[in-house]
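Engineer: Requesting a structural model of the entry that follows:
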Amino acid sequence: MDLRRWARRTAGLGLALGALVGMGFLLRPGASSEGAEAVVLIDGSSTVAPITQAVAAEFRFLRPDVKVSVGISGTGGGFRRFVAGETHISNASRAIKPSEIQRARENGIAFVEAIVGLDGITVAVSRRTQIFQDGKPCLTVGELELLWAREAEGFIKNWSQLGSRFADAPIALSGAAETSGTFDFFTSAVTREEGDTRSDYFATEEDQLLAEQTGANPFGLTYFGFAFFLSNQDRVQAVALDPRRTLIDPPIEVLEEINRRRAASGKPPLRAAGGACRGLRPTPDAIQTFLYRPLSRPLFIYVSARALEQEAVEAFVRFYLSEDLIGDDEFLLDVGYVPAPEAIREANRLCLTQRVVGTAFGGHFSGLSAEEITEKFLAHCGMR
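Structural biologist: Predicted structure coming up:
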């Protein structure tokens, strides 16, 4: 959000700022104790980065004495730095993993977890796509699994192998790199095992590049956060997702071969059920209610408890979690995401104030419903 738009929101935001100033968390510009510019170091998810960058821009307007540095090395890359004590805050598009929790513990890094918004991973194709014979981009989750699971590598190479609805043309896939939380969540939700994916696709942390390449290829398909879809609607369109884990009409020989491969990997078979694809595209309402299944998800920041002892870091985090930022539809939709439920936003602030460390999710996250996420997080922060 640019600062001129921020100025038009100061009446509402002023209440939050006044409260923060009253508690001593927003000092006047230049009021750092040493008189030098303080630095808040952040790294991690490319998906969460637009939110954090927007918060940082508004915070800089209020606190020019504080420099907020936002890196983008992916959720996994960000956590590697965070658990080593190299950064103050880690942006994450998934919950922290058990291995990362263990590494943090070994290094004496305690952390506070916060849910800063909701996202819907968007499966996207070119606006000029020729993949779908009827011109209506739609996939069942079963078809998406057939397309992306490890057993498809070197075998599922032509769109017509998915069924008669698809073009007789080579498949061109791109998506998130292995360091990405989007990669972790997508593979867990679609192929039922984190990291289970074919490797013969173009992988990158550069979501904008994914949008540009897919937009230029009528037979390309990719996936990324909702924000990158919204900012590239002149290039790409969203595929509607039907949550059924069945296929519609794959060729018999394709289904037999893929299930032979799946059996060798100890996986359940995919099944064809016929019918029509009746999917839902990602929208703010569908994401907020988790009707956009199974790719709706929360977005996180993780804050070092030790770093919170620094006035600039605590001021920035309190500002970030204020109701007039992450509770503001306009603010989050400006950067392409959706506010978390009010109860979660309140729990964020309670966890911060009470310094409740650790994670609500124990390192296991994908597959939880909106209600389960809310209950676990509220209980973690002491609201249940």
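
Engineer: buried ones in the helix or strand that contains L255?
Structural biologist: Assigned by DSSP states H and E, L255 falls within helix 252-264. For helix 252-264, burial by neighbour count (16 or more other CB atoms under 10 Å) applies to 254-255, 258-259, 261-262. For the C-beta atoms, the positions are set from N, CA and C on the backbone; glycine is no exception.

Engineer: which residues are contacting it?
Structural biologist: The contact list for helix 252-264 (CB atoms under 8 Å, 6 or more residues apart in numbering) reads 146, 149, 151-152, 155-156, 161, 247, 250, 268-270, 272.

Engineer: Among those residues, name the ones in helices.
Structural biologist: Residues from those lying in helices, with DSSP state H as the criterion: L146.

Engineer: Okay, and which of the contacts of helix 252-264 map to strands?
Structural biologist: Counted as lying in strands by DSSP state E, out of the contacts of helix 252-264, are 247, 272.

Engineer: Just flag the most distant two among the contacts of helix 252-264.
Structural biologist: Using CB to CB, the contacts of helix 252-264 span at most 19.8 Å, a distance reached by Q161 and P268.

Engineer: So the two - more neighbours on which side?
Structural biologist: More crowded of Q161 and P268, by other CB atoms under 10 Å: Q161, with 21 against 10.

Engineer: What is the nearest of the buried residues of helix 252-264 to V123?
Structural biologist: Among the buried residues of helix 252-264, and counting by CB to CB, the member closest to V123 is I258, at 19.5 Å.

Engineer: which helices and strands does the helix or strand hosting E372 pack with?
Structural biologist: Using DSSP H and E, the element containing E372 is helix 370-380. Helices and strands touching helix 370-380, by 3 or more CB pairs under 8 Å, 6 or more residues apart in numbering; DSSP states H and E, are strand 111-120, helix 342-354.

Engineer: nearest to T283, of those?
Structural biologist: Of all these, strand 111-120 comes closest under CB to CB, at 8.1 Å.

Engineer: what is the orientation angle of the closest one with helix 342-354?
Structural biologist: Strand 111-120 runs at 160 degrees relative to helix 342-354, counting by axes from the mean of the first three to the mean of the last three CA atoms, to 10 degrees.

Engineer: Now do the helices for the stretch 51-200 of the chain: every range, in order, please.
Structural biologist: Ranges of helices in the stretch 51-200 of the chain, per DSSP state H, counting those that start in this stretch, are 74-83, 98-106, 141-148, 181-190.

Engineer: Show me what the shortest one is packed against.
Structural biologist: So the one you mean is helix 141-148. helix 181-190, strand 240-242, strand 246-247.

Engineer: can you tell me which of these comes nearest to G363?
Structural biologist: That would be helix 181-190 among the helices and strands packed on helix 141-148, by CB to CB, at 11.5 Å.

Engineer: Check which element follows that closest one along the chain.
Structural biologist: strand 202-204.

Engineer: next structured bit after that following strand?
Structural biologist: helix 207-216.

Engineer: contacts for that following helix?
Structural biologist: So helix 207-216 is in contact with 46-47, 124-127, 174-175, 202, 204, 220-225, 228-229, 231-232, 234-236, going by CB under 8 Å, 6+ apart.

Engineer: which ones are touching P339?
Structural biologist: Counting by CB under 8 Å, 6+ apart, P339 has contacts 117-118, 288, 326-329, 332, 345.

Engineer: Apart from its neighbours in sequence, what residue is nearest the residue nearest the centre of the chain?
Structural biologist: Geometric centre of the chain, nearest residue: S93, 3.7 Å, by CA atoms, centre = their mean. Nearest in space to S93, with sequence neighbours left out and distances taken as CB to CB, 6 or more residues apart in numbering, is G181 at 3.5 Å.

Engineer: how many neighbours does the one you found have?
Structural biologist: 31.

Engineer: Just read off the phi/psi values of the closest residue to L230 other than its chain neighbours.
Structural biologist: Leaving out its chain neighbours, the residue that sits closest to L230 by CB to CB, 6+ apart is G336, at 4.5 Å. Phi and psi for G336, reported as degrees, to the nearest 10, are phi 100, psi 20.

Engineer: my guess is G336 meets F228, correct?
Structural biologist: Yes: with contacts counted by CB atoms under 8 Å, G336 reaches F228, the gap being 7.2 Å.

Engineer: tell me which element L41 falls in.
Structural biologist: strand 38-44.

Engineer: Check which residues of that strand are buried.
Structural biologist: By neighbour count on 16+ other CB under 10 Å, the buried set for strand 38-44 is 38, 40-44.

Engineer: Between those, which sits nearest F319?
Structural biologist: Among these, V40 lies closest to F319 (CB to CB), at 10.6 Å.

Engineer: Could you list every helix and strand in contact with the helix or strand harbouring L332?
Structural biologist: Here L332 sits within helix 329-334, counting by DSSP H and E. If contacts are counted by 3+ CB pairs under 8 Å, 6+ apart, helix 329-334 sits against helix 49-62, helix 323-326.

Engineer: what's the average pLDDT for it?
Structural biologist: Across helix 329-334, pLDDT averages out at 90.

Engineer: Would you mind naming the residues that bridge with L41?
Structural biologist: Beta-bridge pairing for L41 (DSSP bridges): S69.
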